[in-house]
Every structure is written in structure tokens, then in C-alpha cells.
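Visitor: got a sequence here, can you model it:
(one chain, ligands or ions: 1)
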Amino acid sequence: MDLPALFRAAVPPNIPPLLSAPSPRSNYIIEKDNNIAIEGRNLNFSIKTRKGDLVPILKDCSLSIPSGQLWMLLGPNGCGKSTLLKILAGLLNPTSGTLYLKRPKSFVFQNPDHQVVMPTVEADVSFGLGKLNLTEDEVKCKVSKALDAVGMSAYMQRPVQTLSGGQKQRVAIAGALAEACKVLLLDELTTFLDETDQVY
Ligand SMILES: Nc1ncnc2c1ncn2[C@@H]1O[C@H](COP(=O)(O)OP(=O)(O)OP(=O)(O)O)[C@@H](O)[C@H]1O
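Guide: Residues are numbered from 1 along each chain as shown. Model (predicted):
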């Protein structure tokens, strides 16, 4: 996969070199320059077939994403975009290479049915906040702000199975926003959203 051809940004990034050497035991670098949100170096990912053959999916992918910017990963079907995003999200381990990501990070799946799983909209958006040791009022406030941001305030008590695909996707995004993540990874965000919501 040719990453430089896949990323498009208004201003080309001016990225400093890695500040810390990768641990020999891990693909993940702990600390880095504060201006960098994501940096991957020479990431490789292969899968093993039933016959035991290794099939390379990503070959030597390197990327640097500065903080505070919106970047898109573009490329033809099957070139490895979702695989790379899953590696960035920590859902897959690269076969080799080093990776740094600012924390906390959130990942919104291509299909919201894989993510929006709690009984109601409110419960679903609250779910990720459970680990943050917040009061009930603080949780309610964060959930309310996040749902407001995606235009779903009126749906707070709705059972999630009654939502449309686009509404579920908005709830999934609200869950990520509620956690105030520093890196938000969105896999084909617009799959279920209509034209108005894509702009929104
Ligand atoms: N578990 C797996 N087993 C076999 N092949 C896989 C597996 N996961 C991914 N692949 C293959 O790896 C390649 C990259 O898949 P990936 O889903 O990352 O592509 P993509 O760029 O996101 O595609 P699309 O634009 O169609 O969503 C594809 O050829 C896919 O068939």
C-alpha cells in the first residue's frame, strides 16, 4: 500500500523524526512529540492462510499525522485501509514496525451494529465513560453534550434497535466524542450517513 498517495491534507506536514526508540518487545511507542497525533514507521501486516502461507496485507507503511488536523485515508477497495485503521486502533497487532498514537483514542467501526450494543442511546454513549471514575451528573452532562453535537439529543431514551443505520452511526460517534479522545479513527464514516449528515 502506497500511503503517501493515500493521505490528503491542505498543508503538507513537516514531521520531526521519532524521539524515542521502539521497545524491542513492543510495536507501540509510549511517548513522543506533543505535536504528533499518530506516527507509524515501516508497519507490516500479514495473515496466515489455512495452508500456512503468509499473505502480506500492508508492506512498510509509514505515516505521520500532526495533532489538530483531519486526514483522510484514500485508496481502492482491498488496498488495506481498514486493516491499517484497525492497527492504529489497537485491534490488530502489526507483524512488524513501530507505532505511536496519542491517547485516549477512539475508533468508530464501518458498521455501527458492531459498536452500538447497549439497550438505549443514553446507555450506549455512557458505556465508555464507565472507566473514567465520573459522578452520575458528570456522565449525564458528557452524554448530553455528545448527543447534542451529533444532533441526537431527542433520542436519548430510544432503544438502539429502533434507530436507522445513520442514527446508529451518529450514536457511535457520540460515544467517541463523550470520551474526549485525542485521536478519533473513523472507518468509512459516511457509509450510513445521508448527504446532509456527511457535511454536518
Ligand atoms: N482476515 C483476513 N483474511 C484474509 N484476507 C484478509 C483478511 N483481512 C483482510 N484481508 C484482505 O486484506 C486486504 C485489505 O483489506 P481491507 O479491509 O483492509 O481493505 P480496504 O482498503 O479497507 O477495502 P475497502 O475499501 O473495500 O473497505 C483485502 O484484500 C482483504 O481481502
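Visitor: all helices for the protein, in order.
Guide: Assigned by DSSP state H, the helices in the chain fall at 3-6, 81-89, 121-127, 136-149, 165-178, 195-199.
Visitor: what segments of this structure are strands?
Guide: Assigned by DSSP state E, the chain shows strands spanning 7-8, 36-48, 54-66, 72-73, 96-101, 105-108, 183-186.
Visitor: could these go into CSV alongside mean pLDDT, distance to Gln157 and mean neighbour count?
Guide: From N, CA and C alone the C-beta is placed, and that goes for glycine too. Output for the strands of the chain, formatted as CSV (pLDDT from 0 to 100; distance: least, CB to CB, whole Å; neighbours: other CB atoms under 10 Å):
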stretch, mean pLDDT, distance to Gln157, mean neighbour count
strand 7-8, 43, 40, 12
strand 36-48, 94, 35, 18
strand 54-66, 94, 37, 17
strand 72-73, 89, 35, 16
strand 96-101, 94, 34, 19
strand 105-108, 89, 22, 20
strand 183-186, 92, 26, 19
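Visitor: turn the ones you listed into a markdown table, including distance to Val143.
Guide: Formatted as a markdown table, these follow (distance: least, CB to CB, whole Å):
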| stretch | distance to Val143 |
| --- | --- |
| strand 7-8 | 33 |
| strand 36-48 | 25 |
| strand 54-66 | 28 |
| strand 72-73 | 28 |
| strand 96-101 | 25 |
| strand 105-108 | 15 |
| strand 183-186 | 17 |
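Visitor: how about the residues of this protein near the ligand?
Guide: Near the ligand, the residues belonging to the chain are 47, 57, 75, 77-83 when assessed by CB under 6 Å from any ligand atom.
Visitor: burial check on Asn93, number of neighbours?
Guide: 13 (other CB atoms under 10 Å).
Visitor: so it touches Thr83, yeah?
Guide: No: checked against CB atoms under 8 Å, the pair Asn93 and Thr83 is beyond contact range at 11.5 Å.
Visitor: what sits opposite the nearest residue to Leu99 once chain neighbours are set aside in the beta ladder?
Guide: In space, and not counting its chain neighbours, Leu99 is closest to Gly40: 4.8 Å by CB to CB, 6 or more residues apart in numbering. Going by DSSP bridges, Gly40 is paired in beta bridges with Leu63, Leu99.
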